[in-house]
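**Q** Quick one: sequence plus predicted model below, questions after.
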Amino acid sequence: MTSETVIIGGGVIGLAIAIELKLRGTNVTVLCRDFQAAATHAAAGMLAPDAENIPNGAMRSLCWRSRALYPDWTRKLEELTGLNTGYRPCGILAPVFEEAGGEGSREQGAGSREQGENFSPLHPSPCPSASSPAYWLNKEAIHQYQPGLGAEVVGGWWYPEDAQVDNKALAHVLRTAAESIGVELKDGITVEAFLQQQGQVVGVQTNAGMIHAAHYVLASGAWSNELLPLPVLPRKGQMLSVRIPEVSPELPLKRVLFGENIYIVPRCDRLVIGATSEDVGFIPNNTPEGIQKLLQAAMRLYPQLKHYPIQEFWWGFRPATPDELPILGTSHCQNLTLATGHYRNGILLAPVTAALIADFILEQKSDPLLANFHYSRFQSKPSTSTPMLTHSANFSNGHRTPDAMNRVSTNSPLIIAGKTFQSRLMTGTGKYRSIEEMQQSVAASDCQIVTVAVRRVQTKAPGHEGLAEALDWTKIWMLPNTAGCQTAEEAIRVARLGREMAKLLGQEDNNFVKLEVIPDLKYLLPDPIGTLQAAEQLVKEGFAVLPYINADPMLAKRLEEVGCATVMPLASPIGSGQGLKTTANIQIIIENAGVPVVVDAGIGSPSEAAQAMELGADALLINSAIALSPNPAAMARAMNLATVAGRLAYLAGRMPIKDYASPSSPLTGTITS
């Protein structure tokens with residue numbers, strides 16, 4: 001199947017982008033995995049950038065801009081469908097509770113803006129001119145403005161420009177609008193992997209087969225991390241609603257209440273109460289503890305709802321990033337755009353996200369605001385100890401360009417599967433005489449990637465006890481390897497264990513695996529057929545696969561075509577220290593590779609490490625030569641310097657080889673007798 005644009009994710013963000021693209025003349029297909037579990041269902045539809053008192057300036061601007069788009073955006077959707085989105089520019093009230101330290105403390109409330117000097121019943125806060133207005137209401141005023149609030153409420157902020165929309169109604173309207181204008185919606189489709197070649201996505205592997213497009217948009221929310229190493233994780237939100245008794249002559253609660261860790265949203269005949277924020281992975285369902293916390297906080301804020309019958313419970317998974325800001329804009333692939341990680345503000349940010357992403361895809365127009373939400377903000381910072389000397393043009397795979405001898409930069413990183421590394425030396429953890437020697441060597445090498453044998457850690461093999469605690473995994477990227485696996489099936493199973501092991505060490509977004517399939521116990525040569533079979537499956541499962549192979553150019557190309565993140569040809573057999581015995585084949589692999597080439601196994605000395613880098617390799621993986629040295633830490637440092645020297649020599653370019661001598665000093669102008 002082929003489409004002009006494929007959007008991965010059928011929640012509010014994905015549908016909003018699809019509609020915007022379709023209305024601008026693009027054919028769009030939306031792949032939806034599980035609409036009922038989307039973040040849309042963990043929301044109450046508040047459009048509340050002011051009440052949330054968002055501290056980040058760029059995020060605040062993005063939210064204000066989106067809120068301003070809401071009236072026209074929802075009107076357009078309603079005209080397309082004849083349905084109501086429930087949009088209401090109602091303002092939001094943020095009550096504040098009395099604190100032991102003094103009356104009216106607002107530090108824990110939703111809006112902690114400065115109080116006016118006179119503490120008047122309706123006093124505008126002294127906000128900057130670029131911000132929205134906010135008004136402080138004292139105790140008398142707030143209880144008069146909204147009767148029924150808890151006795152502990154001593155005041156609150158009124159944010160007149162905040163609004164609300166019925167999140168469930170909006171989701172229904174978006175799906176209906178998308179269908180009515182010809183967006184193709186495919187439900188129950190799980191995207192298993194991106195097929196990438198030379199910086200482009202050439203297809204997505206799904207449970208229904210391969211799907212191709214000219215452009216792709218990742219808008220899969222909490223599931224984004226399963227496809228790319230992005231720090232987007234699920235945060236479960238539980239919610240409930242209570243029914244307002246029919247005997248009530250009118251809706252008793254007229255204002256949206258935004259309180260301390262709770263909000264209450266009035267809707268027709270019910271009150272919507274939310275929401276928890278739970279870091280429990282993809283564990284579904286409501287829990288007694290979650291619902292109890294919501295009800296306790298809600299009854300403190302608005303006591304009379306304790307008499308209302310419970311109507312419904314539900315939950316959803318919000319996509320959270322470490323800084324709680326979305327990831328928007330370009331990715332590591334030219335034709336893949338990111339629109340994920342909206343966390344609590346997916347409903348609010350839907351219209352502005354749709355407009356910015358459509359502008360970017362169709363008009364190559366990148367709004368300056370997008371730079372604040374680029375995925376690169378989560379990548380590792382440059383090392384300050386031994387900066388890697390690399391060429392600025394070698395951003396994708398490090399291969400030399402024509403001007404390499406004229407221009408050398410010190411800050412061009414190694415990029416593998418979209419993740420940035422400053423060091424081009426990878427090391428291992430095996431064969432050391434002690435954990436202490438391993439720790440010292442890793443530190444001396446300045447490496448940022450350390451490979452770990454999953455099976456040996458699982459079985460607590462000698463030298464691997466306490467390995468998880470021995471290294472600082474906030475600074476070192478773990479590369480789980482499938483050492484000891486003799487078949488493709490074994491390697492796939494161990495790779496999955498490795499991914500879970502990385503998560504346990506805090507690397508939730510780590511989907512890397514060094515793939516080894518070695519049935520030959522004497523020479524330890526990798527099985528090319530088993531390696532290819534395992535690589536194909538692991539790529540489908542979203543792994544960034546780094547396969548260890550013989551220096552076979554045809555196999556290297558085939559592995560790249562199935563989507564491997566690198567190829568790792570051996571220089572000579574594992575642990576042999578024989579040096580470069582496959583130079584000619586490695587050169588062919590380097591010349592034809594569109595992914596980084598990592599020379600792995602057999603290097604025994606720093607001179608051999610430098611030689612491998614001079615060939616144009618992007619990185620080295622060295623373990624035995626360091627671990628088996630009489631002084632491992634010194635050897636690790638030497639290997640680091642050799643890697644840097646070899647890389648710089650490759651970029652500089654060597655002098656021509658001649659069959660005759662050529663004096664270093666000119667002969668002209670010399671003194672003769």
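**A** Done, it's in.
**Q** Packing partners of the helix ranked longest in the chain?
**A** Assignment by DSSP state H gives helix 57-81 as the longest helix of the chain. Here helix 57-81 touches helix 167-180, helix 346-363, going by 3 or more CB pairs under 8 Å, 6 or more residues apart in numbering; DSSP states H and E. Bear in mind the C-beta positions are built from the backbone N, C-alpha and C, glycine included.
**Q** mind redoing it with 10 Å?
**A** helix 12-23, strand 46-47, strand 163-164, helix 167-180, helix 346-363 (3 or more CB pairs under 10 Å, 6 or more residues apart in numbering; DSSP states H and E).
**Q** For those, state which one has the densest average packing.
**A** Of all the helices and strands packed on helix 57-81, helix 12-23 has the most neighbours on average by mean count of other CB atoms under 10 Å, namely a mean of 27.
**Q** re the thing from before, now do the longest helix of the chain, average pLDDT.
**A** The pLDDT scores in helix 57-81 average 96.
**Q** quick one: low-confidence ranges for the chain?
**A** Applying pLDDT under 70 to the chain flags residues 1-2, 35-42, 99-131, 248-250, 380-412, 456-467, 662-673.
**Q** switch to 50 and redo it
**A** 100-130, 381-411 (pLDDT under 50).
**Q** what residue is smack in the middle of it?
**A** Centroid-nearest residue in the chain: residue 230, 1.6 Å away (criterion: CA atoms, centre = their mean).
**Q** chain center to the longest helix of the chain, what's the gap?
**A** 25 Å (CA atoms, centre = their mean, to the nearest Å).
**Q** next structured bit after it?
**A** Counting by DSSP states H and E, the element after helix 57-81 in chain order, helix or strand, is strand 92-97.
**Q** Direction included, what does that next one pair against?
**A** Counting by DSSP bridges, the strands paired with strand 92-97 are strand 153-159 (antiparallel), strand 256-259 (parallel).
**Q** Which strand or helix spans the closest residue to residue 485 other than its chain neighbours?
**A** Excluding its sequence neighbours, the residue lying closest to residue 485 (CB to CB, 6 or more residues apart in numbering) is residue 491, at 4.1 Å. Applying DSSP H and E as the criterion places residue 491 in helix 488-504.
**Q** So for that helix, what gets flagged as buried?
**A** 488, 490-492, 494-499, 501-502 (16 or more other CB atoms under 10 Å).
**Q** Out of those residues, which is nearest to residue 82?
**A** residue 499 (46.9 Å; CB to CB).
**Q** The closest one contacts residue 512, correct?
**A** Yes - using CB atoms under 10 Å, residue 499 is in contact with residue 512, at 8.5 Å.
**Q** what touches both of the two?
**A** Counting by CB atoms under 10 Å, 6 or more residues apart in numbering, the common neighbours of residue 499 and residue 512 are 480, 543.
**Q** re the thing from before, got CSV for the strands paired with strand 92-97, with distance to residue 179 too?
**A** CSV is the format used below for the strands paired with strand 92-97 (distance: least, CB to CB, whole Å):
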stretch, distance to residue 179
strand 153-159, 35
strand 256-259, 31
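**Q** For residue 283, which of those strands is the nearest?
**A** Distance to residue 283, taken as CB to CB, is lowest for strand 256-259 among these, at 26.3 Å.
**Q** now the helix or strand just after the closest one and strand 92-97, what's the angle there?
**A** The C-terminal neighbour of strand 256-259 among helices and strands, as given by DSSP H and E, is strand 262-267. Angle, strand 262-267 to strand 92-97, by axes from the mean of the first three to the mean of the last three CA atoms, to 10 degrees: 140 degrees.
**Q** Strand 262-267 pairs with which strands, and in what direction?
**A** Strand pairing for strand 262-267, determined by DSSP bridges: strand 256-259 (antiparallel), strand 270-274 (antiparallel).
**Q** Need these in a markdown table (columns: distance to residue 484 and mean neighbour count).
**A** Shown next, in a markdown table, are the strands paired with strand 262-267 (distance: least, CB to CB, whole Å; neighbours: other CB atoms under 10 Å):
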| stretch | distance to residue 484 | mean neighbour count |
| --- | --- | --- |
| strand 256-259 | 55 | 26 |
| strand 270-274 | 48 | 23 |
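**Q** In CSV: the helices and strands packed on helix 57-81, plus distance to residue 320.
**A** Shown next, in CSV, are those (distance: least, CB to CB, whole Å):
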stretch, distance to residue 320
helix 12-23, 14
strand 46-47, 17
strand 163-164, 22
helix 167-180, 18
helix 346-363, 11
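**Q** who wins for proximity to residue 313 among those?
**A** Short answer: helix 167-180, nearest of these by CB to CB, at 14.0 Å.
**Q** helices or strands up against the closest one?
**A** Checking 3+ CB pairs under 10 Å, 6+ apart, helix 167-180 ends up next to helix 12-23, strand 28-32, helix 57-81, strand 184-187, strand 262-267, helix 346-363.
**Q** can I get the ones you listed in JSON lines with distance to residue 537?
**A** Output for the helices and strands packed on helix 167-180, formatted as JSON lines (distance: least, CB to CB, whole Å):
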{"stretch": "helix 12-23", "distance to residue 537": "27"}
{"stretch": "strand 28-32", "distance to residue 537": "21"}
{"stretch": "helix 57-81", "distance to residue 537": "39"}
{"stretch": "strand 184-187", "distance to residue 537": "23"}
{"stretch": "strand 262-267", "distance to residue 537": "45"}
{"stretch": "helix 346-363", "distance to residue 537": "31"}
